[in-house]
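Visitor: Show me how the following folds:
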Amino acid sequence: MTRSIDYGNLMHDAMRGLIQTVLEDIAANGLPGEHHFFITFDTRHPDAELADWLRERYPEEMTVVIQHWYDGLKVTDDGFSITLNFGNAPEPLYVPFDAISTFVDPSVEFGLRFETQAHDEDDLDDEEDDADAAPAPRGDAEVVRLDQFRK
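Guide: Modelled structure (predicted):
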């Protein structure tokens, strides 16, 4: 077997690490200037935590905005927890970094998109049951065009 460097997963990990570092700074120091984030994540991820009514409303993915009001931002190596306001109802969320599909800061025209391969429910169950299996490829990562987020 020939050994090779897995640049795709290395880039993926580096980009997730960038998000972690940015959110850790925001948790410690607040949002500077006009910075704000649009974060889209897979609500079906097994470690994502959100209210049942939010999961029903966003059964596949959800985009949250971290800008004017947020509370309790805590960042770990695996994800972040935050309380956001949904129609004057504060709701806690936990977003695993592996669930994030886009991270955009429109104030500086910066964005990341994580391409993942779709899995059906049976594939997810099989992966959870087989702890000895090699990790599934997480897909490619790329810089995002910001036109889709412009008003």
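
Visitor: From here on, just use CA atoms for contacts and neighbour counts.
Guide: Noted.

Visitor: now the strands for the protein?
Guide: With DSSP state E, the ranges of strands along the chain come out as 37-42, 61-66, 70-75, 79-86, 89-96, 100-105, 110-114, 141-143.

Visitor: and of those strands, who's closest to Gly30?
Guide: Ranking these by their distance to Gly30 (criterion: CA to CA) puts strand 70-75 first, at 9.6 Å.

Visitor: Now do the closest one and strand 79-86, the angle between them.
Guide: 170 degrees (axes from the mean of the first three to the mean of the last three CA atoms, to 10 degrees).

Visitor: Neighbours of the nearest residue to Glu60 once chain neighbours are set aside, how many?
Guide: Distance criterion CA to CA, 6 or more residues apart in numbering; nearest residue to Glu60, sequence neighbours excluded, is Thr43 at 5.3 Å. The number of residues packed near Thr43 is 23, by other CA atoms under 10 Å.

Visitor: now the one 5 residues further on
Guide: Ala48 has 20 neighbours, counted by other CA under 10 Å.

Visitor: so what's it up against?
Guide: Listed by CA atoms under 8 Å, 6 or more residues apart in numbering, the contact partners of Ala48 are Asp42, Leu93, Tyr94, Val95, Pro96, Ala99.
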